[in-house]
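K.L.:
Any chance you can model this:
(chains A, B, C, D and E)
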Amino acid sequence: MSLETIGISSAWVIPALGAAAFFFIVFFIRAFTPGSAVAKHVPSLSAATSILAIGLGFLLFWFVLADLLNSGPGSFSIHWLTLGDTRLSWGILVDNLSVVMLGLVTFVALLVQIYSLGYMKGHPRFAWYFAVHSLFAAAMLALVLADNLLFLYISWELVGLGSYLLIGFFYEKRSAAEAAKKAFVTTRIGDVGLLIGIILLFKATGTFELSAIFHAAEAGGISQTTLNASAILLFIGAMGKSAQFPFHVWLPDAMEGPTPVSALIHAATMVAAGVYLVARMMPIFELAPTVLLIVAVIGLITFVFAATIALVMTDIKRVLAYSTISHLGLMMLSLGAGSVAAAIFHLVAHGVSKALLFLGSGSVMHATEDRTHIWDMGGLHKVMPITAFTFLIGAASLAGIPPLAGFFSKDEVLLGVLDHRNPIFIVVALAGVALSALYMARVAFVVFLGKKRNPAVHAHESPPTMTVPLILLAVLAVSVGFIAFNWTDTYHGFAGFLEDGGKFHLTIWLTVLSAILAIAGVAVGWLVYVRGTVSHERIATRFATIHRILVNKYYIDELYQWVIDRVVLVFARFIALFDRVVINDTGVDGSGLTVKLSAWRLRYLQSGLLYTYGIFMSVGVTVLALIWWVVLA
Amino acid sequence: MTMFDSYILFIITALPLVGAAVMLFIPAHRQDIIRWFSAAVALVVMAFTFYVFAAYDHEAGGFQFMRAWNWLELPGPWTLGSQGIQLGLGVDGISVPMVMLTGIVMFTGVLISWKIVDRAKEFFILYFLLLGGVFGVFVALDLFFLFFFYELSVVPMYLLIAVWGSSTDFKTFLRTKEYSAMKLMLYLVAGSVLIWIALVAIFAEAGLGTFSILALQEIDFSRNFQLIFFPLLMIGFGILAGLWPFHTWSPDGHVAAPTAVSMVHAGVLMKLGAYGILRVGVFLMPEGADRWMPLLIGLGIVNVLYGAFSAMGQRDLKYVIGYSSVSHMGLVLLGIATLHPLGLGGAVLQMFSHGVMTALFFAVVGAVYDRTHTRDIAMFSGLAKRMVVVAAFFVVAGLASLGLPGTSGFVAELLIFLGLFQTYPIVGVLAVIGAAITAVYILRLLAKVFFGPLDERWKDQTDASPIEKFSAGILVVFILLVGLFPFPFMRVIDSGVTTLLARITGAG
Amino acid sequence: MITLAHFQVLAAALFAVGMYGVLSRRSPVIILMAIELMLNAVNINLIGFAAFGDFPEAHRTFGQVLVVFVITIAAAELALAVAIILRLYRNKGSANVDDVNIMKW
Amino acid sequence: MNNFTLLLPEFLLAGLAFLVLTADFITNDERKRYLPWLAVAGLGGILAFSLIFLWGDIGSLYGGIFRIDGYALFFKAVLIVIGIFVVLSSIDYVKKNLDHPGEYYGILIFTVLGMVLLASSAELLTAYISLELLSFGLYVLVGFDRYNPKSNEASVKYMLLGAFSSALMLFGISQIYGLLGTTRFDEMARVLASLPELSPGLIVGLVLLIAGLAFKVAAVPFHMWAPDAYEGAPTPVTAYLAVGSKAAAFALMLRLFSEALIPSVGDWQIILAILAALTMTVGNLGALVQTNVKRLLAYSSIGHVGYLLLGIAALAFVRDDNTISLATTHLAANGVMLHIVAYAITNIAAFLVISVVFKNPGNEDITGLAGLGRRSPFLAMVLAASVLSLAGLPIFVGFVSKFYLFNAAATQGLLWLVGLAIFTSVISLYYYLQILRQMYVEPAEDDSPIKVSKLTLGVLGLLFAGMVFLGVYPAPLMDAIQYASDAIAVVGSSGAELAHVLD
Amino acid sequence: MITPSLILFYLAGALTLGGALGVVMGRNIVYAAISLIVSLLGVAGVFLLAFAEFLALVQILIYGGAIVIVIVFALMLTRLDEFQQLSEHKQWPLAALSALAFFGVLAAAIARTAVTTRDRAEVSFTALSESLFVDWAIPFEVVSLVLLVALIGAVVMVRRTGERS
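P.N.:
Model (predicted):
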């Protein structure tokens, strides 16, 4: 195969490599159980396999991109199963949208894996970690490449599986096991909706093929009810995966996994899936405007809601987690406003920045013996300058400080909202912008600036396997925003790349306003957390109620826990008890007992006395004769 | 068709029975011989079932590998009395996967039972009898023999459970193995009461003087007859398939049974019920089936949800699996009840999938129980630390059970859902939700039992033995194989389902 | 004039009386006697039919033949029964059907 | 002219009985252990002789009161084989528990003769006398354990009630004689066919006749002697009682109902169906609460009588317009015969195991079986096979016979009764499984292995093999049964044609 | 129409039934035995009225002779006083009721059944014996075996050999 022929048609290789790496590690490399000569090489071999696979994938991405630019989108599929007249297939579709995701995923995954080399060093399940990592990445890649909903759903679920295994990687920790379960179950509830939505579309069109479905939808082949229903159901699926309110609860807990995993999940894989799904299915959503409005509303709620919580979290990873939720809300808001390009743009910008932040926080944890409480830290910029600097860049990007990536992408989103949605949306969104700048400033300043707070912490800079990815991501976080502009004649900006005729434009007042708000947010952060002009403790005591609500995350976890403990489990126990007491002991054993009791009664007729027997005989004869005579006469 | 082909079904059915007979003459203290002999027989049988699967011509479809021996003439004025009762064997696209499933579970079950020391000889004899019966049902093309083998598969159950089983004893809840064995036995035979009545009624109504399914399928039974007798078959076979509210034998029985028997029973025997509904009910009385399916839909969805919630409410590890079988068999029943190619195909695949998966479940739970001697979920924590492989197997089984893509469970459930949405969309929604509930209790179990900090009590536990790994590995391979490449399975199933549905459209 | 009905009613009455005896008495010997009465009722019935029945000769004769057999059987039955009752009496020291009830239920 | 050579087997049987009695008289105690073998050899010889000599012979004596045909031959063979097995299974038991072996075996052979005569009778008086020969022998045999109060009590009850029932039956016969003018089966059928309807007197007569037969086979409500007699009798006699007398009585009933009473089937079918329903229900419910194994099997055998009565009730199909179809009578007759054989094999095996396991006669509590699976795997296996066969589960002969029988009944339109029958056999499974449970699950108090004589081993092995072989391949037996049922006039001739005549 | 034979019949019938009632109701076993003889003689009388002289003779000989003697012997072999106070058991009303019901059914059946009859005719002694020994030879042979079995059985039952304490 010459290099020229490598292109879209071989895009399937990218996820396949990851899957192959998974199986290879699990079934071949790990088979060298302790004792064999190669046993001690198992970790390094596994890591090498995994990184090689994803690295090759990243390499292939460039070929695919080149091919796409040359010859436009393409797809192809293989037959999976036939039943009756129904043919189901597996297939991939490479278009501009998927290629963006492809690049993002392979890139972030590659960096995270390299980073993990240092971060996970010496863990007994090192090999397993890389295996699952490969699987996770492969699933996500398959998801973005899927050309039909069935395949998409399959990958979607496998992403869920990967997240389950990765979040629960430290399964000896009860909290990790619980978090993994929570993530899987919560997203699975969304998946119910997704699956039903997909099946509804299948029922209406008889196919899972995206293009065919879109075609049918545009041709009016699907009733409006079905469209609305399936759109909302698809969105429920997306809400689960993308941690939209009220399905967001799993994401903060997912911090229980290794930090690089969080980076991967938050930046490019799992949570991006929901956004990607809605983006991918936009032709359907556009035909269901009501649903699109719902998407916007949910996105907005999530955006602000999560930002408020992020303000008070004291765990560095939790702050980042709520920030992720918040930004995912922003992306949904953008999608709800119909601007796919802005959403994906923000996805990329946020992905890069958030990966950077997580890897940075991982670096901090690595340096501080896995501490995550921000008030334990402080003044770290002195001992770990690279980490601190890159982290600040990432934070600034997400805070929306120009000219970093986050600024451009957020601006794009706001513009979309302004154009397509009620002014209320933009007002609330702008408040959210200020909030996100504030909490980003808070976490960055508290951790890295100021003075050392906990004498027990002896931090040090991390090894190069960790810092190099940080630097790379920082560079991107600075630069990636500029892909928004149309630099050449053929490249009409990111919007143009994603949507035919899509154009990047500016509305100056909004841009300026959002920049001001962002900077104001950072400034307030500076005043409160660095200069100490205003005591954050006093604010907390002044607004104690609000603070308590925020710290307790609006009690939503408690509500869910209550529902599960007091409603679902109680109901389940009731059913179990019902089964035993009513169905089994009463219904089944009862009828058995009835038979047995009647047998007990009956046995006393057999009195053992001769004349009883005789009387029965004579009465029997008489009765038989009467029956015969009377009944038959 | 070669000579060998025409005898292969007979050989598959007869080998376990002959094996049981041969074992009668092996001295009981030579347990090593008994084990290796059993394993060898099971391996050969499994190989033959693979051959049947591979050699089945899915393009031609219909019944293949057929052979019939006249067994008993029935005197009377009928046209086919000289055929009377025939030992007629043959498989179609529906039974082929079932035969293979039985072969797989049989072999793995023998391996899992390697450790049985107490009266091993009797155990394997009864075990083989059981499997001979199961094979017989799947390959019989004569109602008498179908029933014969059906009952045969019930016969050894009582002893297998009551002698080698284990009782459940919590402070508030006691189920002795004797009770469970008795209930299981009586229930299954009670189911066969209805079946039996329906069978003789079919014989009498047809007036052909034969029990041959091939001959009977030519008869158009009157509508009234079908309406009256189809429910008998549906409930009768349904009992074996765990149909709500006649399901309570199943969790109790599975829990009390020894590991291999649970595997066979939940894995294969429950399928006999669903298979019977298809082969006898739907096949011979398509019109009745068409009319009565709403009831089955109703009961089936109750099965799914009720079984799932019951599973969630259990304290005993094995009971969770037992109730999950009830839930999953509900999906099979739903698939059947759709009478739609997708749903039916899904149901058949789900039968296979659930068979393999639940066998794996019971193998794993058995491995845990063998080591810890308790099944109280509250007693466990963090077992994965000591039993990585066992935990991994449990994860695979659990994922298959909650219908994760890449496992067989997904393909099957998906097809059932697709079929359901074509026919009963609301039920489809409920069924999908039921599948999601599965995720809840399976993951809860996983998190509680295998994950978390290791309980001090179990710090000396050992992981799966090589033989356990091997047998469970076989099951895992099939779970993944079907999940990833359902194509070769589905084309066989498709050929069977198509023929079956042609009868319904023809009748209705 | 004597008719068949006379014989029949007499037979029925005797049979019923015998039946009452079997069912009501506690002494096995009296029960045996009552059974003899029942058999005699049968004989009266048979003789009645043989005498009045509108049968061919051979069949009428058969009625009487039957009676011979019944008498014979009755005798044999009585002999055996008395022996068994004696055995009962010797084993238990009494012979009373009320007491013959170790096996029941 | 009467061909008396056809009666040779009967003469030989009587001769054998005399021979055994005489041998007992003249030999010393030491030699008496050869008596049963003399009986077995004699019975075997007679069996062989009958099969060779009478094969294919069809004849009747005295204008049809006594038949020598395939049906009779079949039952002759079955009954003599039953006799042989009962003698064989008595040997150890008699030696240990009973005195007067000569009389025991002599009377036993007389009862075999009685049974054989029953199968050949085609006339009520002959049948009655044969029945009495059988019954008298059984009265004695039941009480043969003379100093065992249970045996004695059983004998008293059986005897007195037997005499009562025979009085009832005789009254019935007298009514039939008086109102039909004949007691010969073929003539009865002719007269019945010519009657527009049954007169009340005749109905009473038939009911009494049926009651007498029902008493012999222990059908409800004439069954109450049976549990007591079964429990009290020496165990081999119990087996004989359960198997032999029932087989013979059904041999008679089958011939009686199909040859003599078939024209009025529309009348008695429902009566028999009621009897059958009562019998199977009461029998199986009764067994449910028993703790004495023999008593349990007694009730179970009552249940089986219900199934056999079901087969008799299903001899003809009464159409809605009251015409009678005999098209599938064959099936029902075959079913009854098959079930008789199946039931016989199974029960003899079960009772033989019980007679070996329980050392003290009179105390056969079910817990005595505990741990039998370890104490003697072979005995346990045979008993397990027996009860499973009785419950009607494959691969044992009980499954085939039940299926065949119930199928026949369903074909004759008695589906409701078949449903009940199948349902009661589920109930029966419960108590059969209790036996299995005792043997395999419960631990034994006394764990010592049970010594089983070679003779018992051989007999049980033979019976077990028979149970399984006939359960898997009943075709040879069915051929014989077919041959037998062909000999019954109504059944054997082309059914459809006869139905036309009878319409 | 009342004829002498009818009067005789009523006489014989009364004797029969009266004796029978004496048997089933008497309190004394010896009286019961005597009542039985009376009843059996009455039956013999009825036989005579049906022109069955031979059977009447047989009746008197066998019943009046053999059977009653056996019973008396039986009474003598056991202690008589054991039997003297014998009465009905507590369920006698049930017994009476069922016997009465049966009689009712029988009587109703007799009343509702039309039988074609003809004049009384006697059966010749020759015909009887010929029939007995020629046509009914087989039952005749068999009944002798029945007697034999009864005899042997009776002997076995009453023999005292091997008596256990």
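K.L.:
Can you mark which positions in stretch A:461-474 are buried?
P.N.:
Across stretch A:461-474, burial judged by 16 or more other Cβ atoms under 10 Å in any protein chain shown covers A:461-462, A:466-467, A:469-470, A:472-474. For the C-beta atoms, the positions are set from N, CA and C on the backbone; glycine is no exception.
K.L.:
which ones are touching C:Ala74?
P.N.:
Shown in contact with C:Ala74 (Cβ atoms under 8 Å, 6 or more residues apart in numbering or on different chains): C:35-36, C:39, E:63, E:67.
K.L.:
Just the buried residues of stretch A:461-474: which are in strands?
P.N.:
Counted as lying in strands by DSSP state E, out of these, is not a single one.
K.L.:
Make TSV from those and add pLDDT and distance to A:Phe27 to it.
P.N.:
Listed next are the buried residues of stretch A:461-474 as TSV, based on pLDDT from 0 to 100; distance: Cβ to Cβ, whole Å:
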residue	pLDDT	distance to A:Phe27
A:Glu461	81	38
A:Ser462	80	33
A:Met466	81	30
A:Thr467	85	34
A:Pro469	84	29
A:Leu470	88	34
A:Leu472	87	33
A:Leu473	88	33
A:Ala474	90	38
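K.L.:
Take the residues you listed and lay them out in a markdown table including distance to chain E.
P.N.:
Below are the buried residues of stretch A:461-474 laid out as a markdown table (distance: Cβ to the nearest Cβ, whole Å):
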| residue | distance to chain E |
| --- | --- |
| A:Glu461 | 106 |
| A:Ser462 | 101 |
| A:Met466 | 100 |
| A:Thr467 | 106 |
| A:Pro469 | 102 |
| A:Leu470 | 104 |
| A:Leu472 | 106 |
| A:Leu473 | 103 |
| A:Ala474 | 108 |
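K.L.:
Which parts of the chain are strands?
P.N.:
I'll assume chain A. Using DSSP E, strands in chain A cover A:74-83, A:86-94.
K.L.:
again with chain D
P.N.:
Under the criterion DSSP E, strands of chain D are mapped to D:59-61, D:66-68, D:317-318, D:324-325.
K.L.:
Identify all contacting residues around the third one.
P.N.:
With contact meaning Cβ under 8 Å, 6+ apart, strand D:317-318 is reached by D:265-266, D:269, D:324-328, D:411-413.
K.L.:
Buried among these? Make that a ChimeraX selection.
P.N.:
In ChimeraX, this line selects whichever of these come out buried by 16+ other Cβ under 10 Å:
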select /D:265,269,324,325,326,327,328,411,412,413
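K.L.:
Any stretches of the chain with poor pLDDT?
P.N.:
All of this is about chain A. Low-confidence regions of chain A, defined by pLDDT under 70, span residues A:1-5, A:30-39, A:486-492, A:500-504, A:633.
K.L.:
try again with chain E
P.N.:
E:79-86, E:161-165.
K.L.:
what do you get for chain B?
P.N.:
Across chain B, the ranges flagged by pLDDT under 70 are B:1, B:506-508.
K.L.:
Check chain C for the residue nearest chain B and tell me.
P.N.:
Across chain C, the shortest distance to chain B (Cβ to the nearest Cβ) belongs to C:Trp105, at 23.0 Å.
K.L.:
And for that residue, nearest residue in space, chain neighbours not counted?
P.N.:
A:Arg603 (4.6 Å; Cβ to Cβ, 6 or more residues apart in numbering or on different chains).
K.L.:
Report the contact partners of that neighbour.
P.N.:
Neighbouring residues of A:Arg603 by Cβ under 8 Å, 6+ apart: C:105, D:286, D:289.
K.L.:
Verify the stated contact: the first one with A:Leu605.
P.N.:
Right, the one you point to is C:Trp105. No. Applying Cβ atoms under 8 Å as the test, C:Trp105 and A:Leu605 come out as separate, 9.0 Å apart.
K.L.:
mind listing which of the buried residues of stretch A:461-474 are in helices?
P.N.:
Of the buried residues of stretch A:461-474, the ones assigned to helices by DSSP state H are A:466-467, A:469-470, A:472-474.
K.L.:
Go back to those and keep what's next to chain C.
P.N.:
Among those, proximity to chain C is found for none (Cβ under 8 Å from any Cβ of the partner chain).
K.L.:
Out of those, the closest to A:Ala267 would be?
P.N.:
A:Leu473 (9.0 Å; Cβ to Cβ).
K.L.:
I'd like to know how far the nearest residue to that closest one once chain neighbours are set aside sits from chain B.
P.N.:
Here the nearest residue to A:Leu473 in space, its sequence neighbours aside, is A:Leu356; by Cβ to Cβ, 6+ apart that works out to 3.9 Å. Between A:Leu356 and chain B the computed distance is 31 Å (Cβ to the nearest Cβ, to the nearest Å).
K.L.:
If you tally nearby residues, what's the number for A:Leu356?
P.N.:
31 (other Cβ atoms under 10 Å in any protein chain shown).
K.L.:
Pretty sure it sits against A:Thr390.
P.N.:
Yes. Using Cβ under 8 Å, A:Leu356 makes contact with A:Thr390 at a distance of 6.0 Å.
K.L.:
Name the residue in C:Trp105 and A:Leu605 with the higher neighbour count.
P.N.:
Legend: neighbour count by other Cβ under 10 Å for C:Trp105 and A:Leu605, higher for C:Trp105 (18 against 15).
K.L.:
show me the contacts for the more buried one.
P.N.:
A:603-604, A:606-608, D:289.
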